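# Whatever this is, show me its structure:
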Amino acid sequence: MHPLRDKVVLITGGSSGIGRATALRLAGHGAKVVVAARNAAALEEVVQAIMKTGNEALALPADVTDPEQCRHAVAAAVEHFGRLDILLCSAGLSMRAYFDDSNLEAMDRVVRVNFLGTLYCTYFALPHIKKTHGSLVALSSLTGIRGVPSYALYGATKFAIEGLYDSLRLELKRDRVNVGVIAPGFVETPLRDNVLGPTGAPWENPPPPPFRIWPVEKCVDNIVRLLIRRRRRINLPWFMGPLFWLDEIVLRVIGNAILRYAFPRLLPRDKTAGLPRPETQVHADERG
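Numbers count the residues shown, from 1 in each chain. I've put the predicted structure just below:
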């Protein structure tokens, strides 16, 4: 029997990207999956795909920036399945723009989705996770470990998640709750085509990543491994841990030079040329 069989899992951002792929994988292992996101139609597609395999699933439309909707999603999951074993906070937005080029309202939105969305769901799920001695897992990023030019705001939200979960790991040790983070680099998901620019709208031509783009299934492999082994963190790729250590040894001199070259300013300083299309908005659940 698979270790995750019959576990009740609530996944935010479950309608697309990493959240969706993880929901399908865990359901395939026999877990009972609850997917939450803003896009009700996309959520229903995930549930139908799971139910066709003979497994149980529930769709809960919710905006993670609204604490009451987060509370309701957790309560509905527990009411439907009787308990909650795992929370995976996968909802989020990606933004690539130099800080002083960025619109304040757009940055506020990213903070609310990425950090407060994780905080709210964690807060309401925690009492139930403590009862089952389960797992709290959040999607971080390599930019939440090391500052990267043009990812100041996005990285700040991931640093905040890292700090929150690092403290929770200590607070919940006696409750036998596993607290873990997954910190991937660039992952091949729909979010890659919807990276926000300085105005808060997606870039019309998304800036190409300077490093390897990892398949979403590789990220899901790591999530499953973290859950089974109750790990506290997994980086993607794995060798980033040793590289971060080496980076500190050499006082970040080499790393700083590489990152400044790899992530140049994408918008002229006058902030008028090359703006992304303003009419397009990205849902909070489109997390990669």
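
# what residue ranges in the stretch 151-288 of the chain score low on pLDDT?
Residue ranges of the stretch 151-288 of the chain with pLDDT under 70: 267-288.

# can you give me the helices for it?
Assigned helices in the stretch 151-288 of the chain, in chain order: 152-171, 216-229, 240-249, 253-262 (criterion: DSSP state H, counting those that start in this stretch).

# Those: which one's closest to residue 25?
For those, distance to residue 25 was read as CB to CB. The smallest value, 5.0 Å, belongs to helix 216-229. The C-beta positions use only the backbone N, C-alpha and C, and glycine is treated the same way.

# helices or strands next to the closest one in the packing?
Helix 216-229 is packed against helix 17-28, strand 135-139, strand 178-184, strand 186-188, strand 233-236, with contacts defined by 3 or more CB pairs under 8 Å, 6 or more residues apart in numbering; DSSP states H and E.

# mind giving me JSON lines with these and columns for distance to residue 163 and mean neighbour count?
Shown next, in JSON lines, are these (distance: least, CB to CB, whole Å; neighbours: other CB atoms under 10 Å):
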{"stretch": "helix 17-28", "distance to residue 163": "21", "mean neighbour count": "24"}
{"stretch": "strand 135-139", "distance to residue 163": "11", "mean neighbour count": "26"}
{"stretch": "strand 178-184", "distance to residue 163": "11", "mean neighbour count": "23"}
{"stretch": "strand 186-188", "distance to residue 163": "22", "mean neighbour count": "20"}
{"stretch": "strand 233-236", "distance to residue 163": "13", "mean neighbour count": "20"}
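
# Make TSV from those and add distance to residue 41 to it.
TSV is the format used below for those (distance: least, CB to CB, whole Å):
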stretch	distance to residue 41
helix 17-28	13
strand 135-139	23
strand 178-184	27
strand 186-188	23
strand 233-236	30
